[in-house]
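> Fold the following, please.
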Amino acid sequence: VTPNDIRVVITSQSACASCHAKGACSASDVSEKIVVVSKSNHNYFVGETVKVLLKQSLGYKALFLGYILPLIVLLIALFSYSAFMSESKAGLLALATLLPYYAILYFFRNKIARQFNFDIEKIS
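Below is the predicted model:
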């Protein structure tokens, strides 16, 4: 918690994270993500449990940019290339077509990130 923003740590756990045998298993997976939220009028404290909120339309936008549009690009490239070359070459070239797409997303990541405004609310 700073005067200007709040950093929220989101801990995502796999389904087996609560298993008693997770120490002996390599399948257990726990990862942390940090979300920066502009400070609102409420008082929040370090260690407090909160709910992270995102407008549904922004969730759909993330889904479109991350999954749907790349699938469309892949399928268009695959069908276009397969008309002129063998399936294996067309498949590899179609996959290679995604490299510039994700490079462009990476290049504009800060601009895209500014569009995603998270909010938080206290959990009673």
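> Name the nearest residue to the residue sitting furthest away from the middle of the chain, sequence neighbours excluded.
Computed with CA atoms, centre = their mean, the residue of the chain farthest from its C-alpha average is Phe84, at 35.2 Å. Nearest-residue entry for Phe84: Ala90, 7.8 Å, with adjacent residues in sequence omitted and distances by CB to CB, 6 or more residues apart in numbering. Any C-beta I mention is one placed from the backbone N, CA and C, and that applies to glycine too.
> Please name the residues that touch the one you found.
78, 81-82, 84 (CB atoms under 8 Å, 6 or more residues apart in numbering).
> Got a ChimeraX select line for the buried ones in these?
Provided next is the ChimeraX selection string for whichever of the contacts of Ala90 are buried by 16 or more other CB atoms under 10 Å:
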select :78,81,82
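> Need the contacts of Ala90 in TSV (columns: distance to Ser38, secondary structure and pLDDT).
As requested, the contacts of Ala90 are exported to TSV (distance: CB to CB, whole Å; DSSP: H, G, I helix; E, B strand; the rest coil; pLDDT from 0 to 100):
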residue	distance to Ser38	secondary structure	pLDDT
Leu78	42	helix	95
Tyr81	45	helix	95
Ser82	48	helix	94
Phe84	50	coil	93
